[in-house]
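K.L.:
turn this into a structure:
(one chain, ligands or ions: 1)
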Amino acid sequence: MHVTGKLYRTIWPSDTDRGVVKIIDQRHLPHLFVVEELRTVSEVCTAIREMHVRGAGLIGAAAGFGMHLAALTAPKQDFAGFVRQAAVDLVQTRPTAGNLAWAVNRQLAALDREDTLSAKRDRAFTVACEIAEEDAKFCRLIGEHGKKIIAEISRQKGGGVVNILTHCNAGWLAFVDYGSATAPIYAAHAEGIKVHVWVDETRPWLQGAKLTAWELKEEGVPHTLIADNTGGHLMQHGLVDLVIVGTDRTTRCGDVANKIGTYLKALAAHDNKIPFYVALPSSTFDWTICDGLAEIPIEQRSGWEITHIRGLSEAAELTTIAIAPPDTATLNYGFDVTPARLITGLISERGVMQASEEDILRLYPEQKEK
Ligand code: MRU
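P.N.:
Just a heads-up that it's a prediction; the model follows:
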């Protein structure tokens, strides 16, 4: 998508050096646009753990490139051991997003099928690029399917503005391109459908304020930043037509783990009879589990993210300040689970489905046996 008019993806291999993978370091947005170069799997692990890259699809793609760098730098005498350890390290960086393990397992299976060291290295690079390409393609298709939902609401409103609420950042910055929740919005906007986005700020990391607001601005999509607790009030007053969020892991029965606070938005939408959609590429499905509350591991992060805040000072310097009394006890869950019963539908690259095992398997019949 666009950054000051120029097209970017969130991750890409260097044109000139296969040993270099480039990312947009999202910790500095929206104030600074910094491209970081990664050369080792350990640098990729740090980038994922410390949120230089984040968002389910993007950390999946980053893990794919991490496995490529592991294969490239693995010592010949212990190639298998080095790559196996890299896989373990990558999967452990963040526990909730399903795309991480999915990408690592895809790489391991591909490496297994090659015999020579150079074939393995070539294959790891090809697969990393394929994962990134597929992520972008699937998000573009999510846009095409989801756009129809927005178009229908626009039609019902006689062409009036469709107000869409989103939580966190499931935009292009959370993927390789286009985003999941934002893809239908970008597609509708490009087609001239009038849209306006309510952007939840998304405490404590502020992905909404820092990232979603920035990317919507770069694409010229009308939006308004709101404090996290505003959505319910807006819904009660008829100011939200539709909610679209992303997901970090979705079970085969349609339960969804997404950024902390998503569940409360789903409850409010349900109470106000507002359609609540979740957009995801199929790499986010965890086909091995059904009960999201019992089975999805929920990441806990440092309480420092709650007690401190980073932004531009009045002197235009990037500054971190404390906002709570020193030594305040904290609890910082990164995600919560929204049960399938609160979800109107899931939007994936294959179309729109109900959040039920039966309907999910209608679009993914190859997963029936798992
Ligand atoms: O902690 P993050 O920023 O990696 O969390 C991911 C998110 O942005 C979301 O919850 C998002 O909606 C799903 S990821 C596409």
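K.L.:
pretty sure Q107 sits against V127.
P.N.:
Yes. If you go by Cβ atoms under 8 Å, Q107 and V127 touch, sitting 5.5 Å apart. (Glycine included, C-beta is placed from N, CA and C.)
K.L.:
neighbour count winner among the two?
P.N.:
Q107 (27 against 22; other Cβ atoms under 10 Å).
K.L.:
still on that earlier bit, what touches both of Q107 and V127?
P.N.:
Taking Cβ atoms under 8 Å, 6 or more residues apart in numbering as the criterion, Q107 and V127 both touch 64, 67-68.
K.L.:
pop the domain breakdown of the chain in here.
P.N.:
2-134, 146-367 (automatic domain parsing).
K.L.:
please tell me how far V41 sits from the ligand.
P.N.:
19 Å (Cβ to the nearest ligand atom, to the nearest Å).
K.L.:
meant to ask about A315
P.N.:
For A315 relative to the ligand (Cβ to the nearest ligand atom), the value is 28 Å.
K.L.:
so that residue: helix, strand or coil?
P.N.:
coil (DSSP: H, G, I helix; E, B strand; the rest coil).
K.L.:
start at 833, not 1
P.N.:
Happy to do that; since the first residue is 833 now, the last one works out to A1147.
K.L.:
check what pLDDT it gets.
P.N.:
Note on A1147: pLDDT of 94.
K.L.:
M899 and V873 touch, don't they?
P.N.:
Yes. With contact defined as Cβ under 8 Å, M899 reaches V873; the gap is 7.4 Å.
K.L.:
the two - which one has more neighbours?
P.N.:
When M899 and V873 are compared for neighbours, M899 comes out ahead with 29 against 26, by other Cβ under 10 Å.
K.L.:
return the residues in contact with that one.
P.N.:
By Cβ under 8 Å, 6+ apart, M899 lies in contact with 873, 915, 918-919, 922, 935-936, 939-940, 943, 956, 959-960.
K.L.:
pLDDT wise, what is it at?
P.N.:
We have a pLDDT of 98 for M899.
K.L.:
all helices for the stretch 1083-1202 of the chain, in order.
P.N.:
Assigned by DSSP state H, counting those that start in this stretch, the helices in the stretch 1083-1202 of the chain fall at 1094-1103, 1124-1127, 1136-1139, 1189-1195.
K.L.:
with distance to the ligand and mean neighbour count as extra columns, can I get those in CSV?
P.N.:
CSV is the format used below for those (distance: least, Cβ to the nearest ligand atom, whole Å; neighbours: other Cβ atoms under 10 Å):
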stretch, distance to the ligand, mean neighbour count
helix 1094-1103, 7, 20
helix 1124-1127, 14, 16
helix 1136-1139, 10, 16
helix 1189-1195, 18, 16
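K.L.:
and the ones you listed as JSON lines, adding distance to G1011 and mean pLDDT?
P.N.:
Converted to JSON lines, the helices of the stretch 1083-1202 of the chain look like this (distance: least, Cβ to Cβ, whole Å; pLDDT from 0 to 100):
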{"stretch": "helix 1094-1103", "distance to G1011": "16", "mean pLDDT": "98"}
{"stretch": "helix 1124-1127", "distance to G1011": "22", "mean pLDDT": "98"}
{"stretch": "helix 1136-1139", "distance to G1011": "23", "mean pLDDT": "97"}
{"stretch": "helix 1189-1195", "distance to G1011": "20", "mean pLDDT": "98"}
